[in-house]
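**Student:** Kindly return the folded structure for what I paste below:
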Amino acid sequence: MSRRKALDIKKDILRVLRHHGELSLRDLDIKVNTNSHTIKTQIEELEFFDKVLTIKHPKNDKNGRPFTTVKLK
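**Tutor:** Residues are numbered from 1 along each chain as shown. Have a look, this model is predicted:
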């Protein structure tokens, strides 16, 4: 099995965000079917090109931990 290209992963991220709206990084890596490191790397690049916005939340209501969500600009 061959590795997916970075461009294909970015396309998948944008497609999922278009369909689902704002998602946490965890939900995004599940829906795109890749790991969290890859998601973070690709999100940084998409944010650089002004395609997405990352939002850092100070506290999750369920567990009290900080978390990050991503949405399209």
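**Student:** And the next helix or strand past the helix ranked longest in the chain?
**Tutor:** With secondary structure taken from DSSP state H, the chain has its longest helix at helix 6-20. As assigned by DSSP states H and E, the chain's next helix or strand after helix 6-20 is strand 23-24.
**Student:** quick one: contacts of the longest helix of the chain?
**Tutor:** With contact meaning CB atoms under 8 Å, 6 or more residues apart in numbering, helix 6-20 is reached by 23, 27-28, 31-34, 38-39, 42-43, 45-46, 51-52, 70-72. From N, CA and C alone the C-beta is placed, and that goes for glycine too.
**Student:** For that helix, which residues meet the burial criterion?
**Tutor:** Using 16 or more other CB atoms under 10 Å as the test for burial, helix 6-20 gives 9-10, 12-13, 16-17.
**Student:** what's the spacing between it and its chain's center?
**Tutor:** Remark: helix 6-20 is offset 8 Å from the chain centroid, using CA atoms, centre = their mean, to the nearest Å.
**Student:** swap in stretch 5-24?
**Tutor:** On CA atoms, centre = their mean, the centre of stretch 5-24 falls 7 Å from that of its chain.
**Student:** Quick one: mean pLDDT over it.
**Tutor:** Over the span of stretch 5-24, the pLDDT mean works out to 96.
**Student:** mind listing the helices for the protein?
**Tutor:** 6-20, 25-32, 36-48.
**Student:** Let me have those helices in TSV, extended by distance to residue 64.
**Tutor:** Formatted as TSV, those follow (distance: least, CB to CB, whole Å):
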stretch	distance to residue 64
helix 6-20	24
helix 25-32	16
helix 36-48	20
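**Student:** Tell me which of those helices sits nearest to residue 57.
**Tutor:** helix 25-32 (11.0 Å; CB to CB).
**Student:** Report the buried residues of that closest one.
**Tutor:** Applying 16+ other CB under 10 Å to helix 25-32 flags 25, 28-29, 31-32 as buried.
**Student:** What helices and strands are in contact with it?
**Tutor:** helix 6-20, helix 36-48, strand 67-72 (3 or more CB pairs under 8 Å, 6 or more residues apart in numbering; DSSP states H and E).
**Student:** Noted, bye for now.
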